[in-house]
Each structure stands twice: as structure tokens, then as C-alpha cells.
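1. I would like to see how this sequence folds:
(one chain, ligands or ions: 1)
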Amino acid sequence: MRDDELFSFEDARQRLGESFDPLPVPAIPPADPDLDRVVVELRRLRDASAALAMSEVELGDIADRLGEVASLLESRVAGPADRLETMWKGAGTRRSNPVSGPENPIAPPVDFVGCDDGSVMATVTLGPAYQGPPGCVHGGISALIIDHMMGLANHWGGRYGMTAHYELDYRSPTPLLQPLTFRCWVHEVDGRKTWTHGTIHAGDRLCVEARGLFLEASVPVPGQPGTRSTVADGSQ
Ligand SMILES: CCCCCCCCCCCCCCCC(=O)SCCNC(=O)CCNC(=O)[C@H](O)C(C)(C)COP(=O)(O)OP(=O)(O)OC[C@H]1O[C@@H](n2cnc3c(N)ncnc32)[C@H](O)[C@@H]1OP(=O)(O)O
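-> Below you'll find the model as predicted:
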């Protein structure tokens with residue numbers, strides 16, 4: 001097989017076979033609409049405060065007021081271990097993951113679409129908060145998004161698993177402030193193993209190629225002794 005064929009999603013559906021029966025990820029309503037609003041505001045702050053050095057903007061009063069809000073929030077919430085237990089009584093990480101989660105301020109967020117061709121696709125424009133090389137997306141951010149998206153591609157292809165092995169080739173710089181097309185698809189399956197591939201393009205230009213090996217596995221759910229969950233789905 002040629003290298004470029006490895007990174008073609010065209011026949012992903014064929015490879016999944018007649019059993020391809022995509023499983024959409026059901027939308028889950030917010031447990032608390034105000035939590036989603038808090039996260040929206042935090043993302044506005046993130047985007048407005050990234051890459052501000054040398055801007056000559058007067059920030060002293062902003063820092064003071066943000067400090068007051070942070071202290072108010074801290075005084076109202078439980079510790080992180082307690083919160084981890086509570087969130088698993090809800091939607092698992094489907095609403096709180098760091099890539100698409102509406103409850104997670106570090107998520108860009110990325111919105112995914114399951115495609116009839118067997119792949120999962122997303123278009124996203126990343127801002128300065130995600131900068132690595134000058135004007136470019138940090139390679140670890142690309143890796144984070146594709147890894148998560150591979151999990152969704154597995155689900156779309158009727159598979160699940162934890163990442164056991166993951167590798168990337170950065171073929172050309174991945175620009176900030178331009179729409180990027182992410183695509184992931186199941187490449188091959190064998191028993192507990194799923195090999196999943198992914199790409200990032202800026203327009204027609206290939207920026208990143210990725211390969212992941214996922215193994216069917218589950219982990220204990222925080223605060224629910226004896227209960228295990230497959231990665232991220234919040235169901236047992
Ligand atoms: C209705 C609901 C909708 C919900 C819809 C949700 C959608 C949901 C989207 C979520 C998207 C999240 C996606 C995030 C994905 C992560 O971030 S996962 C987090 C990162 N990964 C981890 O923490 C995994 C840590 N590693 C482990 O726990 C264990 O190593 C594993 C992966 C469970 C495997 O352990 P194990 O089961 O003991 O495996 P083991 O028996 O040693 O090996 C099994 C086979 O795999 C091979 N293997 C194992 N490791 C490797 C390796 N690293 N390289 C190559 N081969 C390997 C072995 O050689 C062996 O091969 P065979 O001899 O059978 O041919």
C-alpha cells in the first residue's frame with residue numbers, strides 16, 4: 001500500500017464493511033445552563049487575553065476584578081476530587097472534555113460531524129491561545145484534538161477504546177487564524193484493536209498526519225466503586 005493511500009479516508013466506509021451502522025453521539029442538555037454561560041465568558045477572556053504582551057493595554061483594574069470573580073467562584077465550589085465524582089453522575093466527559101466540551105473553558109471548542117463516508121470531520125479556526133511556533137498551532141494542541149477526534153471516529157465506526165499508541169507527522173506548518181479541516185476515520189480493526197487515522201489540512205495543504213492504536217478497555221469511574229466506564233462516554 002502506498003503512503004498516501006494510508007491517509008485516504010475515501011474507502012473508510014468500505015473497510016468498515018456492511019456492518020457500518022454509525023452511532024451518532026446524542027446531544028446532552030446542559031445540567032446547568034449557567035455553567036455553560038460561565039465557560040463561554042471564560043473563553044472570551046481567554047481569547048481576549050492571549051498574546052497581549054506589548055499591547056500597552058491598561059490591565060491593572062481588569063486583573064483586580066478578575067481576581068474578585070475567581071475568589072467568589074472558589075469560595076462556592078467543592079474541591080477538584082469531589083467535582084470529578086459529581087460530574088460522572090452526569091454526562092461523563094461528553095460535556096467536560098478539553099476538546100469539544102461546552103463545560104470546559106480550555107476546549108476551543110471543536111464541533112464534530114459524522115460523515116456518510118465513515119469519517120468524522122471538523123472545521124475549526126484556532127486563535128493565539130493555541131500558538132506554538134510563530135503564527136502556528138502548537139503541535140500538542142493538534143495532537144490533543146486529533147486524539148479525541150479519533151475516539152469519536154471509533155465510536156462512529158462502532159468501535160471504542162483507549163489510546164495505546166499514537167504518532168504524528170507534522171508535514172507543514174499548521175496556521176492559526178485560518179479554518180483548519182480535521183478528519184479522522186477507522187483504518188483497520190482486529191479483535192480488541194482499532195487503528196485509526198487522521199489528518200489536518202489548511203485549505204488543500206496537508207499539515208498533519210496521525211495514526212493511533214486503540215485498545216478496548218475501561219477504567220474505574222471516580223466515586224462509583226465497582227463501576228467501570230469505557231473512555232469518555234459516561235455510560236457503563
Ligand atoms: C451513547 C454513548 C455515546 C458516547 C460517545 C463518546 C465518544 C467518545 C469519544 C471519546 C474520545 C476520547 C479519546 C481520548 C483517548 C484517550 O485520551 S485515552 C487516554 C490515554 N491512554 C491511556 O491512558 C491508556 C493507558 N494504557 C492502558 O491502560 C493499557 O496499556 C491498555 C491500553 C488498556 C492496554 O492494556 P492491556 O489491555 O493490558 O493490553 P495488552 O494485553 O498488554 O495488549 C493487548 C494487545 O495490544 C498490543 N499493545 C498494547 N499496547 C500497545 C502499544 N502501546 N503499541 C502497540 N501495541 C500495543 C499488545 O502487544 C497486544 O497485542 P497482541 O499480543 O494481542 O497482538
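2. Quickly find the element holding the closest residue to the ligand within the chain.
-> Nearest residue of the chain to the ligand, counting by CB to the nearest ligand atom: G151, 2.2 Å away. Just so you know, the C-beta spots here come from the backbone N, C-alpha and C atoms, and that holds for glycine as well. Secondary structure assignment for G151, by DSSP states H and E: helix 139-156.
3. got the buried residues for that helix?
-> 141-156 (16 or more other CB atoms under 10 Å).
4. ok, now how distant is the residue of the chain closest to the ligand from T230?
-> 10 Å (CB to CB, to the nearest Å).
5. SS state for P109?
-> The three-state label given to P109 by DSSP: H, G, I helix; E, B strand; the rest coil is coil.
6. can you count the residues close to it?
-> 18 (other CB atoms under 10 Å).
7. Spit out the contact partners of the most centrally placed residue in the chain.
-> In the chain, the centroid-proximal residue (CA atoms, centre = their mean) is V99; its distance is 2.7 Å. Shown in contact with V99 (CB atoms under 8 Å, 6 or more residues apart in numbering): A107, P108, P109, V110, L144, I145, H148, M149.
8. redo that, cut-off 7 Å
-> V99 makes contact with A107, V110, L144, I145, H148, according to CB atoms under 7 Å, 6 or more residues apart in numbering.
9. Spit out the contact partners of the fourth one.
-> Just to be clear, that refers to I145. Contacts of I145 (CB under 7 Å, 6+ apart): V99, V110, F182.
10. Same check on the first one?
-> Taking CB under 7 Å, 6+ apart as the contact definition, A107 lies against N97, P98, V99, S100, G101.
11. The same query, at a cut-off of 10 Å, please.
-> Taking CB atoms under 10 Å, 6 or more residues apart in numbering, we find A107 in contact with V39, R43, R95, S96, N97, P98, V99, S100, G101, L144, I145, H148.
12. Show me what I200 bridges to in the sheet.
-> Counting by DSSP bridges, I200 forms beta bridges with F182, V208.
13. I figured it hits C207, correct?
-> Yes. Using CB atoms under 10 Å, I200 is in contact with C207, at 4.6 Å.
14. between those two, who's got more neighbours?
-> Between I200 and C207, counted using other CB under 10 Å, the more crowded position is I200 (27 against 22).
15. picking that back up, what's the overlap in contacts for G151 and T230?
-> Counting by CB under 10 Å, 6+ apart, the residues touching both G151 and T230 are Y160, G161, M162.
16. For the residue lying closest to the second one once chain neighbours are set aside, the count of nearby residues, please.
-> Meaning G161. Among residues not flanking G161 along the chain, F214 sits closest, at 3.2 Å (CB to CB, 6 or more residues apart in numbering). Other residues near F214 come to 26 when the count uses other CB under 10 Å.
17. Kindly report the same for G101.
-> With other CB under 10 Å as criterion, G101 counts 20.
18. Quick check, pLDDT for it.
-> G101 is assigned 93 on the pLDDT scale.
19. where's it relative to A143, distance?
-> The value you get for G101 to A143, if CB to CB is used, is 17 Å.
20. so where do the helices sit in the protein?
-> Along the chain, counting by DSSP state H, helices occupy 3-6, 12-16, 33-49, 60-76, 80-87, 139-156.
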